[in-house]
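Enquirer: Take this sequence and fold it.
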Amino acid sequence: MTCRLHPEIRLVENGQGSFLIREIPLAILRVNGALATLVKRLLTDPDAPRSAGDEQTLELLAARGFAERLTDPAMGDVNLPLVSIVIPVKDRAEELVRCLNSLEQLDYPRELREIIVVDDGSSDASPSVAIRFGCRLVATDEPGSGPAAARNLGVSVARGEILAFIDSDCTASTGWLRELAGGFSDPALAAVGGLVDGMRDAGPLDRYEAVMSSLTLGTRAMTGSSGDDTFYLPSCNLLVRAEAFRSVDGFCPEMHVGEDVDLSWRLRDAGWRISYLPAGRIWHEHRSRFIPFLKRRFDYGTSEGTLNLLHPARRKRMIIPPAPALSLLLIIAAIFGGGPWCLAGAVALTAGDALFQHRRLARQELRIGVITLLRARIRGTGSLAYYLGYHLLRYYAWLFICLAAIRPEAGILLILLAFLAGSVDYWVKRPGMNICAFLAFYLPEQLAYGAGVFAGCLNRKHFGSYRFVIRRTLMPG
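Expert: I've put the predicted structure just below:
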């Protein structure tokens, strides 16, 4: 995949070494000679990795915000792979018609694609719809086996070099396959996920789901290989190399939610790479009624206990730098009666930390203004407040509600956490709705997901989902 340096990155070379610097948000990375040479190459033009070492280095730079992965152009007609499109369905005849109509319009040679519809015991006209559109129809042995088992069954009869998964409640853009298939020119790449957009925006919940759904991964390309992070690709818009899929035995058939997370992680653990491209758009019919929306979030949460048992190394990570953490504690103390001295202490600590960093950087001959560093420290404290608030809200909100019966302060803190985290997400996601409507969905969503996490962990008698890896910096060492 082609990469370039982030436009706001500059390379500084002096007597102390070579440094990559971005001022907003502030980030400084000292690089060795080989990496400096690679950076200089990327300063002039975007380039593709020339070795496995280059690939790993660029992955690190991209993960830390110093480099950007560029979407490869859509493939031409030369060397296009045979693609098997697999669609699981159960009682969604109308949605299947809409999905198959969109696949009829694909800008991809008909002789190089096949469509396999796997019926999971439908009581409506879904099987006849598949036959009418000329698809290969397969039926599960046990009705209600679930989408993971249905997809595996579809793959068992697939002929394609590439497997393309789409759900029956989705429609595909004309360039869906062509825009994503180009990534497989890299032999180490097992899977590519594409952009998932909301199908409707008629109501406030539609607009909320369009930006907050876990299926929506954003506008930045991402790649994951070995490691312990939690990056994954949703199965509603997923292309997988058939060889790689079969090498890890496909989806876990017993999982009805979270099976795409499990597959992504097993592919990565087996030495493959997976990538997300903000291309190959599909439209997903999100749940537009409040109770089904909350039920789906609850269902998603129940998968965490199982995933944590299957992948214990992939624990959530929390970066807590000491100085911003202490500043945040002083601010919280000031809010809950600690008085102006606590707030003054937070201000003094932040300013002192900025001055300390200014002197340290000056010794490395890096000229970054005190105001820039002070702004970075304030931003860092705010970011820490958001991430702590978000995770406390998502995983421990019910504990705060129980404590509020004894100590009203716990309820006040929960409201503050919801307002803080929700306001940040509202500002970043920019949904087409006012903030009050956004927050009216935001808190119930977190409560529903958190309840699902607890139910899933209780069912598996394993509560690893509540443990976090605490680090002082983004990368160890």
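
Enquirer: Remind me what the longest helix anywhere in the chain packs against, helices and strands.
Expert: The longest helix of the chain (DSSP state H) is helix 370-404. Judged by 3 or more CB pairs under 8 Å, 6 or more residues apart in numbering; DSSP states H and E, helix 370-404 is in contact with strand 26-31, strand 316-319, helix 322-333, helix 340-363, helix 408-429, helix 435-460. Quick note: C-beta positions are derived from backbone N, CA and C, even for glycine.

Enquirer: And that helix, what's buried?
Expert: Neighbour counts over helix 370-404 (16 or more other CB atoms under 10 Å) mark 373-378, 380-381, 384-386, 388-397, 400, 403-404 as buried.

Enquirer: how much distance is there from that helix to the middle of the chain?
Expert: Helix 370-404 sits 20 Å away from the centroid of its parent chain (CA atoms, centre = their mean, to the nearest Å).

Enquirer: Also stretch 112-119?
Expert: That offset, for stretch 112-119, works out to 27 Å (CA atoms, centre = their mean).

Enquirer: How about stretch 362-370?
Expert: Using CA atoms, centre = their mean, the offset of stretch 362-370 from its chain centre is 35 Å.

Enquirer: how long is it from one end to the other?
Expert: In stretch 362-370, first residue to last residue: 11 Å (CA to CA, to the nearest Å).

Enquirer: Give me the neighbour count for residue 159.
Expert: Using other CB atoms under 10 Å, residue 159 is surrounded by 11 other residues.

Enquirer: The stretch 51-200 of the chain: helices as residue ranges?
Expert: 52-63, 93-104, 126-132, 147-156, 176-181 (DSSP state H, counting those that start in this stretch).

Enquirer: other SSEs contacting the shortest one?
Expert: Here helix 176-181 is seen to pack against strand 83-89, strand 162-166, strand 237-241 when contacts are counted using 3+ CB pairs under 8 Å, 6+ apart.

Enquirer: Report the angle between the first one and helix 147-156.
Expert: Which is strand 83-89. 140 degrees (axes from the mean of the first three to the mean of the last three CA atoms, to 10 degrees).

Enquirer: Direction included, what does strand 83-89 pair up with?
Expert: strand 113-119 (parallel), strand 162-166 (parallel) (DSSP bridges).

Enquirer: how close does the residue lying closest to residue 133 once chain neighbours are set aside sit to residue 239?
Expert: Leaving aside its sequence neighbours, residue 133 sits nearest to residue 100 (CB to CB, 6 or more residues apart in numbering; 4.4 Å). To residue 239, residue 100 is 18 Å away according to CB to CB, to the nearest Å.

Enquirer: Would you mind telling me which of these two has more residues around it?
Expert: residue 239 (29 against 22).

Enquirer: tally of neighbours for residue 259?
Expert: Neighbour count of residue 259, defined by other CB under 10 Å: 24.

Enquirer: Let me know the distance separating the residue lying closest to it once chain neighbours are set aside from residue 120.
Expert: Closest residue to residue 259 apart from its sequence neighbours, by CB to CB, 6+ apart: residue 148 at 4.0 Å. As for residue 148, its distance to residue 120 is 10 Å (criterion: CB to CB).

Enquirer: Which residues are in contact with the nearest residue to residue 272 once chain neighbours are set aside?
Expert: With sequence-adjacent residues excluded and distances taken as CB to CB, 6+ apart, residue 272 is closest to residue 190, at 3.5 Å. Contact partners of residue 190, counting by CB atoms under 8 Å, 6 or more residues apart in numbering, are 240, 241, 244, 245, 267, 272, 273, 274.

Enquirer: What of residue 38?
Expert: By CB under 8 Å, 6+ apart, the neighbours of residue 38 are 54, 57, 58.

Enquirer: ok, now residue 282?
Expert: 166, 170, 171, 172, 173, 176, 194, 195, 196, 197, 236, 237.

Enquirer: mind giving me CSV with those and columns for neighbour count?
Expert: Listed next are these as CSV, based on neighbours: other CB atoms under 10 Å:
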residue, neighbour count
166, 26
170, 23
171, 21
172, 25
173, 20
176, 28
194, 29
195, 23
196, 22
197, 19
236, 19
237, 28
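
Enquirer: Tell me which of those has the lowest pLDDT.
Expert: Within the contacts of residue 282, the minimum per-residue pLDDT falls on residue 197 (92).

Enquirer: didn't that one look like it was pressed against residue 280?
Expert: No - with contact defined as CB atoms under 8 Å, residue 197 does not reach residue 280; the gap is 11.0 Å.

Enquirer: For my notes, confirm residue 216 occurs in a strand.
Expert: No - looking at residue 216 with DSSP: H, G, I helix; E, B strand; the rest coil, it is coil, so not inside a strand.

Enquirer: what sits opposite the residue nearest to it when sequence neighbours are not counted in the beta ladder?
Expert: Closest residue to residue 216 apart from its sequence neighbours, by CB to CB, 6+ apart: residue 196 at 5.4 Å. Beta bridges link residue 196 to residue 282 when assigned by DSSP bridges.

Enquirer: Residue 317 now?
Expert: residue 469.

Enquirer: Read off the pLDDT value for the closest residue to residue 423 other than its chain neighbours.
Expert: With CB to CB, 6+ apart as the criterion, residue 423 has its nearest non-adjacent residue at 6.8 Å, and that residue is residue 435. Here the pLDDT value assigned to residue 435 is 94.

Enquirer: ok, residue 435 touching residue 425?
Expert: No - counting by CB under 8 Å, residue 435 stays clear of residue 425, with 10.2 Å between them.

Enquirer: More neighbours: those two, which one.
Expert: residue 425 (18 against 14).

Enquirer: what's near enough to touch the more buried one?
Expert: 212, 390, 438, 442.

Enquirer: and which of those is nearest to residue 416?
Expert: When the contacts of residue 425 are compared for distance to residue 416 (CB to CB), residue 390 wins out at 12.5 Å.

Enquirer: picking up where we left off before, so which of the helices and strands packed on helix 176-181 is nearest residue 261?
Expert: Closest among the helices and strands packed on helix 176-181, using CB to CB: strand 237-241, at 11.7 Å.
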